[in-house]
Every structure is written in structure tokens, then in C-alpha cells.
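Undergrad: Next one to model:
(one chain, ligands or ions: 1)
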Amino acid sequence: MLFEPLSFRGGAVAPNRIALAPMTNQQSLPDGMLGDDELAWIAARVDGGFGIVETCAAFVAQDGKAWPGELGVHDDACLPGLRRMAARINDGGGLGIVQIFHGGVRAPREVSGTQPWSASTWTEDSPGFEPPRAATEDDLERVIAAFAAAAVRCHQAGFGGVELHGAHGYLLSQFLSRTMNTRTDRWGGDLAGRARLIREATRAVRAAVPAPFVVGVRLSPEDFGQARGLDLDETVEVARGLSDDGVDFLHLSLWKALDNTRTRPAQHAIPLFRAAVPADVRLFAAGSIWTRDEAERVLALGADAVALGRVAIINHDWPKRVVDPAWAPVRPPVSPQVLLEQALSPQFVEYMRRWKNFVS
Ligand SMILES: Cc1cc2nc3c(=O)[nH]c(=O)nc-3n(C[C@H](O)[C@H](O)[C@H](O)COP(=O)(O)O)c2cc1C
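TA: Okay, here's the model as predicted:
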């Protein structure tokens, strides 16, 4: 099953059901242009057999840039780098998908150069937190256009698709949130209002690119970390709406893909979303999938593809290796040397020190 091709609504086909999860790696140049280190990281995973290769979160507008070294898709000046990356993925036979992103309140002034904005304004008791300003109609019009323009650039560059980052408490997820979005106009209030931004951005992206170009959305089904104010039943409803809006796939960010939901401990998220959306809307699932057996159990729950994060950092050729039943993936903690040998730059290795028990 893992190695069967995966076809999408619009006609695109991925060679297998194993995706490299979107992973921020801070290896882009200071202005957001692609650097050689980022290309090398991606190239090793394509050659390692990942049939679907997602990039890191890439900012669609300067005011949405959340990290130094983040990849940009905000300007035509990014096109030469994007073309190089797309060509390398295509040459390796993978389906390349750019994760298009706006940080909202998580795009700090020292990175973006401007005051962060979000659905509403609020304060948080965390070091360096700058309260966001509440979005104007103009901000919303601009950001929807920026998502669409970013998708057009990715298409022009030769990628197979894009994924709107609607998970993890970034801009689109901030608007979905019952707690972060306290607006009383048409962009807030009931679920239809709070989901308006993610749905309008998705529709604008879908309308801007031709059918075989894959359009997906990543969602956090429930609260986790910075994703707050979400409700499982509401997220299922959003998934239904996004299916009507023409997505090819939905990507569930589960953190522990084999666990049941926290809202309903007897129920798993994958069958819940599977039952809610048409069968030709593909479901990706990510979260603590380390072995082939775990990946196949996630598919058996109703996912069409698995997305691998940390295991793919340490095992760049996981898809090629798992065909050997005797093989077991290397697990963290690992030394910096091991990570360098897996085509991470010293910069990326340093970033991985922020992940608990990852770098020894
Ligand atoms: C270093 C690192 C960077 C990440 N960056 C992103 C990102 O840019 N966008 C995103 O949606 N998720 C990001 N994630 C989450 C992963 O895509 C994935 O959902 C998560 O790590 C769980 O999968 P895993 O247990 O296989 O690592 C990141 C995870 C890691 C470890």
C-alpha cells in the first residue's frame, strides 16, 4: 500500500504514499532566496525515495515571515531558486509541494520588520511577545492575493502543488480559533466567519492555478502547542468546506498519528475526517510515525499518505530502507556528525538542538 502510486482529484499522481513532512530548517538566505544547503537537504530525501516532498513553511508576504532563514515565495525574485528546487525534485521523480505560510502573530517584528497582525489583538505572558494589531479589510484582501500569487509562482517554478499552512496556530489557524479570533465582523464570530479566511485563501489559490496542480491544506484537528481555541467538530466542518472549495488533499497534523483524539478518546481523527470528506480528497496524516508498521497502520485507519518528520531527518532514505523487513530506523538522540551525514547543514543541526532529546 505504501508503495502504490497516489492519484489526486485534478489528475496529478505521486509515485508512492510517503511524504516528507513540511519542516522548517532555516537554511534559506537572509532575503528568503533558496540556498544550496536547503537544496541539498531536499535532494537527499528525493533520492531517498520520498514520493511526495514538502518544503518548509515558506512565507507568502514579508509581514508573515516568522523565522530567519525561512524560504520565501513572496516575490518573483524567488523564482530562480524555486525553479532549481522544483527541477531537482522532478528529476528525482517526486511530487514537490511548497507549504505556503503566513505567521500572523507568530511573525515577530525582528524578523518581518513590522508589527505582527492577526484576527484580533491580545497579550500573552511570554518573553518578547508583541500584541498583534487586528487585521483590516485591506490586510485580508492583500494576504488572500499573496497566497494566490505564491501558488502561481510555485506553479511557474515547476512544483507539483502547494499546501496552505492552516495548522499549528499560524495566521489561518489564528482566524479559526475561538480564543484568538474575537472579531464581530464577517471574518469572525461563528464558524463560517472564522473559517472565511482559510476558505477564501484556498479558493483564491485553487482559482489561480490549473487543475493538475495539487492544492492542499494542513489542519490541526484539536489544540496542541500554539494551536489554541480549536474544536474537533469544527475542524471536521472546515475540512468539509475546504473539500467543496476544491482541495486535492487535507493534511492532518496529529503529533501522535496512532492515538485517538483528546476530545473523544474512543475515536480516531482519521476515520472521522475520512467519513466527512469525499473519497477523492486525499488525506495525509503526520505524527510520530517511525516504522513501516506504524505507517501502514495509519493508512489502514483511512489515510491515503503518511508524512514523516523527525524520522526523515535522521533517515533520509527511509522509503528505500523500509523494503527490508530487518531494517530499523535510527532514532534520536543522534550526534551532530550523524545529522551532517544526513545532508543537514551546521545551521540546521543547531536548529534541531531546540527539539528535546534530538541532538546528543
Ligand atoms: C524541525 C521541524 C520543523 C518543522 N517545521 C514545520 C513547518 O514548517 N510546517 C509544518 O506544518 N510543520 C512543521 N513541523 C511539524 C512536522 O511537519 C510534523 O508534523 C511533526 O514533526 C510530527 O511528525 P514527526 O513525529 O514525524 O516528526 C516541523 C517539525 C520539525 C521536527
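Undergrad: So the closest residue to the ligand within the chain versus Ser173, what's the distance?
TA: Closest contact between the chain and the ligand, by Cβ to the nearest ligand atom, is at Gly309 (2.5 Å). Where you see a C-beta, it was placed from the backbone N, CA and C, and this is true even at glycine. Distance of Gly309 to Ser173, computed by Cβ to Cβ, to the nearest Å: 18 Å.
Undergrad: same check, this time on Thr136
TA: Applying Cβ to Cβ, the value for Thr136 to Ser173 is 20 Å.
Undergrad: before we move on, the earlier item: Gly309 and Ser173: who's more crowded?
TA: Taking neighbours as other Cβ atoms under 10 Å, Gly309 and Ser173 compare with Ser173 leading, 27 against 19.
Undergrad: and that one, that's in a helix?
TA: Yes: looking at Ser173 with DSSP: H, G, I helix; E, B strand; the rest coil, it is inside a helix.
Undergrad: pretty sure it contacts Asn181?
TA: No: between Ser173 and Asn181 there is no contact under Cβ atoms under 8 Å: 9.8 Å.
Undergrad: outside of stretch 186-206, which residues touch it?
TA: Stretch 186-206 has contacts (Cβ atoms under 8 Å, 6 or more residues apart in numbering) with 100, 119-120, 135, 140, 143-145, 147-148, 151, 162, 164, 166, 171-172, 175-178, 181-183, 185, 215, 217, 234, 237-238, 241-242, 245-247.
Undergrad: and the stretch 201-350 of the chain, which residues reach the ligand?
TA: Arg218, Ser253, Trp255, Ala286, Gly287, Ser288, Ile289, Leu308, Gly309, Arg310, Val311 (Cβ under 6 Å from any ligand atom).
Undergrad: Now with 5 Å, please.
TA: Ser253, Ala286, Gly287, Ser288, Gly309, Arg310 (Cβ under 5 Å from any ligand atom).
Undergrad: In strands only, show me the residues you listed.
TA: Secondary structure from DSSP state E places Ser253, Ala286 of those in strands.
Undergrad: Identify, from the residues of the stretch 201-350 of the chain next to the ligand, the entry nearest to Pro319.
TA: Nearest to Pro319, judged by Cβ to Cβ, of these is Gly309 at 14.3 Å.
Undergrad: Could you check how far stretch 49-64 is from the centre of its chain?
TA: Taking Cα atoms, centre = their mean, to the nearest Å, one finds stretch 49-64 lying 7 Å from the centre of the chain it belongs to.
Undergrad: ok, longest helix in this protein?
TA: The longest helix of the chain (DSSP state H) is helix 137-157.
Undergrad: what about the strands in this protein?
TA: Taking DSSP E as the criterion, the chain carries its strands at 6-7, 13-14, 18-20, 52-59, 71-72, 95-101, 117-118, 133-134, 161-166, 214-219, 249-253, 282-286, 305-308.
Undergrad: As TSV, these with mean neighbour count and mean pLDDT would be great.
TA: Shown next, in TSV, are the strands of the chain (neighbours: other Cβ atoms under 10 Å; pLDDT from 0 to 100):
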stretch	mean neighbour count	mean pLDDT
strand 6-7	17	98
strand 13-14	20	98
strand 18-20	29	99
strand 52-59	28	98
strand 71-72	26	98
strand 95-101	28	99
strand 117-118	24	98
strand 133-134	16	98
strand 161-166	29	99
strand 214-219	27	99
strand 249-253	27	99
strand 282-286	25	98
strand 305-308	26	99
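Undergrad: Ala269: which of the ones you listed is closest?
TA: strand 249-253 (5.9 Å).
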